[in-house]
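>>> Compute the structure for the input listed below.
(chains A and B)
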Protein chains: 2
Amino acid sequence: MGQLLRVQNFNVSRDGFGAGENQSLERPFGHADPAEMFAWAGATASWPNRTEPGGTRGLDDYFTRDFHNNIGAEIMGRNKFGPQRGPWRDHDWRGWWGEEPPFHTPVFVVTHHLRPSFILSDTTFHFVSGDPADVLDQARAVADGKDVRLGGGATIVRQFLDADLIDTLHVAVSPLELGRGSRLWESPEELEDRFEHEVVPSPSGVTHHLFWR
Amino acid sequence: MGQLLRVQNFNVSRDGFGAGENQSLERPFGHADPAEMFAWAGATASWPNRTEPGGTRGLDDYFTRDFHNNIGAEIMGRNKFGPQRGPWRDHDWRGWWGEEPPFHTPVFVVTHHLRPSFILSDTTFHFVSGDPADVLDQARAVADGKDVRLGGGATIVRQFLDADLIDTLHVAVSPLELGRGSRLWESPEELEDRFEHEVVPSPSGVTHHLFWR
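Numbers count the residues shown, from 1 in each chain, chains lettered A, B, ... in the order given. All right, here's what the predicted structure looks like:
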């Protein structure tokens, strides 16, 4: 089956934005409210950031439960890693996720501004430049034969779509409008020339879009 | 979160039958046609019995893909293991699945008629009697901290439902009628007094019913 490149649980607004405008340390998703965007995922039993027991085990849980399933590495954009833009002022910032990041695999942060790798618990962060195909090769090489997750944000997903490197894409469309910000698409139908596409409404109010080749 | 007991990808007809009448070596599902019952699953990329590459990666694939996810043991009824009824005439029968069974964990076959355990590839079959709670304890003990799958058929699922031991239950309702055979339910609503219940129609024509506590 090879090592797939999979986008999973990528969340956008009904108008196609993965994050709002003016992202900052205080507002990682800009003017978007992440609690509202990710309400469907946070309610599930398998939400990776869940700290208390409980949660739903219906349809939405199949998506959060699949987050780690056969994943051996993650690629993310620099804007997902942190709020800084441009050259690193220092290396104190080690991601949003505290001492126990939810990845548990090597993570490749794609950036023009390199810095040394570091380890937090069982997650190693590497900083890499290069075109999408090169980065994917590096991630596959350390993924222990497993698939690679492309973690977002919208900009890097667009880059990997443009390079035609994505095998499966799961986008959860939340029932809210953002109007501006970091855009994944104008409409999911844009991808139908290259992908099979299923639309699965969830009882929670989110709509899951599934694309594969 | 503890070790759940999960029923996954259990298939019934629209009128609630998991298999037809007159099961035999030649017709493991009796008068039901398994190719028709399991068409939705067989089409997916992650179908455990798939022998050729390809297959769909839409909604139905999330269900077949979850078959192994965090599962450390399976419990099945004797009628799933083979067509014989009553005392074993010999021990030549080793299941329907050939030399490479799709389980890859210990499997506990519940039967009044015990026989020695045996190993096929990375699956070990044990034959156990006892009430459902005892059998579940045995399966949990060897599941390496993971969940236990209850594999069916309908009779053993009913027994474990009656003993109130099932944590999550996924039933795929295929768009066909069988009229008679081994029955799981009259209607899925029967379980709503004890479980949360979501109904998820798939583009393939099957309807997924998800139950959890």
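
>>> Please list the outside residues in contact with stretch A:100-110.
A:48-49, A:67-68, A:71-78, A:80-81, A:95, A:97, A:120-130, A:135, A:138-139, A:142-143, A:151, A:156 (Cβ atoms under 8 Å, 6 or more residues apart in numbering or on different chains). C-beta here means a position set from N, CA and C on the backbone, and glycine is covered the same way.

>>> now for the helix or strand A:Phe125 falls within, which elements pack on it?
Here A:Phe125 sits within strand A:123-128, counting by DSSP states H and E. Contact here means 3 or more Cβ pairs under 8 Å, 6 or more residues apart in numbering or on different chains; DSSP states H and E; on that basis strand A:123-128 packs against strand A:106-110, strand A:118-120, helix A:132-141.

>>> Most tightly packed of these?
Comparing these by mean neighbour count (mean count of other Cβ atoms under 10 Å in any protein chain shown), strand A:106-110 ranks first with a mean of 24.

>>> now the angle from that strand to strand A:123-128?
Orientation of strand A:106-110 against strand A:123-128 (axes from the mean of the first three to the mean of the last three Cα atoms, to 10 degrees) gives an angle of 30 degrees.

>>> For the strand holding A:Phe125, what does the pLDDT average out to?
Average pLDDT, strand A:123-128: 98.

>>> Now the most centrally placed residue in chain A: closest residue in space that isn't a chain neighbour?
In chain A, the centroid-proximal residue (Cα atoms, centre = their mean) is A:Gly151; its distance is 2.6 Å. Excluding its sequence neighbours, the residue lying closest to A:Gly151 (Cβ to Cβ, 6 or more residues apart in numbering or on different chains) is A:Met76, at 4.0 Å.

>>> Surely that neighbour and A:Ile156 touch.
Yes: counting by Cβ atoms under 8 Å, A:Met76 touches A:Ile156, with 6.9 Å between them.

>>> what is in contact with those two at once?
Shared contacts of A:Met76 and A:Ile156 (Cβ under 8 Å, 6+ apart): A:110, A:150.

>>> A:Thr155: helix or strand, and which one exactly?
Counting by DSSP H and E, the element that carries A:Thr155 is helix A:154-162.

>>> Which secondary structure elements does that helix sit against?
strand A:5-13, strand A:17-19, strand A:71-77, helix A:132-141, strand A:147-150, strand A:182-183.

>>> Which residues of chain A lie near chain B?
A:1, A:45, A:53, A:56-59, A:61-63, A:65-66, A:69, A:168, A:196, A:198, A:200, A:202-203, A:208, A:210, A:212 (Cβ under 8 Å from any Cβ of the partner chain).

>>> Okay, now the unreliable bits of chain A?
A:1 (pLDDT under 70).

>>> Nearest to A:Trp185, out of the helices and strands packed on strand A:123-128?
helix A:132-141 (17.8 Å; Cβ to Cβ).

>>> ok, back up a step: what's the closest of the helices and strands packed on helix A:154-162 to A:Ala35?
With Cβ to Cβ as the measure, strand A:5-13 is the member of those nearest A:Ala35 (11.7 Å).

>>> Could you report the distance from A:Asp134 to chain B?
From A:Asp134 over to chain B the distance is 25 Å, taken as Cβ to the nearest Cβ, to the nearest Å.

>>> separation between the residue nearest to A:Asp122 when sequence neighbours are not counted and B:Glu99?
Spatial nearest neighbour of A:Asp122, chain neighbours left out: A:His104 (4.9 Å); criterion: Cβ to Cβ, 6+ apart. Noted for A:His104: a distance of 34 Å to B:Glu99, by Cβ to Cβ, to the nearest Å.

>>> If you count surrounding residues, which of these two has more?
Ranked by neighbour count (other Cβ atoms under 10 Å in any protein chain shown), A:His104 and B:Glu99 place A:His104 first, with 14 against 7.

>>> That one in helix, strand or coil?
coil (DSSP: H, G, I helix; E, B strand; the rest coil).

>>> cool, A:Arg115 as well?
A:Arg115, by the three-state scheme (three-state DSSP), is coil.

>>> and what of A:Lys80?
Here A:Lys80 takes the helix state, with states given by three-state DSSP.

>>> quick one on the thing from earlier: can I get the buried ones among the residues of chain A next to chain B as something I can paste into PyMOL?
Of the residues of chain A next to chain B, the buried ones can be selected in PyMOL as follows, counting by 16 or more other Cβ atoms under 10 Å in any protein chain shown:
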select buried, chain A and resi 45+56+57+58+59+61+62+63+65+66+69+168+198+200+202+203+208+210+212
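
>>> The residues of chain A next to chain B in helices, which ones?
A:59, A:61-63, A:65 (DSSP state H).

>>> Looking at these, which is nearest B:Asn9?
A:Tyr62 (11.8 Å).

>>> contacting residues around the nearest residue to that closest one once chain neighbours are set aside?
Take A:Tyr62 and drop its neighbours on the chain: the residue closest to it by Cβ to Cβ, 6+ apart is B:Tyr62, 4.7 Å away. B:Tyr62 sits next to A:62-63, A:66 when contact means Cβ under 8 Å, 6+ apart.

>>> Apply 10 Å and report the result again.
A:59, A:62-63, A:65-66, A:69, A:170, A:200, A:208, A:210, B:44, B:46, B:69, B:202, B:208 (Cβ atoms under 10 Å, 6 or more residues apart in numbering or on different chains).

>>> hang on, the earlier thing: okay, the angle between the strand holding A:Phe125 and helix A:132-141?
Using the same axes, to 10 degrees: strand A:123-128 against helix A:132-141 is 150 degrees.

>>> State the paired neighbours of strand A:123-128 in the sheet, together with their directions.
Applying DSSP bridges, strand A:123-128 is found paired with strand A:106-110 (parallel), strand A:118-120 (antiparallel).

>>> got the buried residues for it?
Taking 16+ other Cβ under 10 Å as the criterion, strand A:123-128 shows A:123-127 as buried.

>>> cool, stretch A:13-33 as well?
Across stretch A:13-33, burial judged by 16+ other Cβ under 10 Å covers A:13, A:15-20, A:23, A:27-30, A:32.

>>> can you put these in CSV and add distance to B:Glu186?
Formatted as CSV, the buried residues of stretch A:13-33 follow (distance: Cβ to Cβ, whole Å):
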residue, distance to B:Glu186
A:Ser13, 42
A:Asp15, 45
A:Gly16, 44
A:Phe17, 47
A:Gly18, 45
A:Ala19, 48
A:Gly20, 49
A:Gln23, 53
A:Arg27, 52
A:Pro28, 50
A:Phe29, 47
A:Gly30, 52
A:Ala32, 46
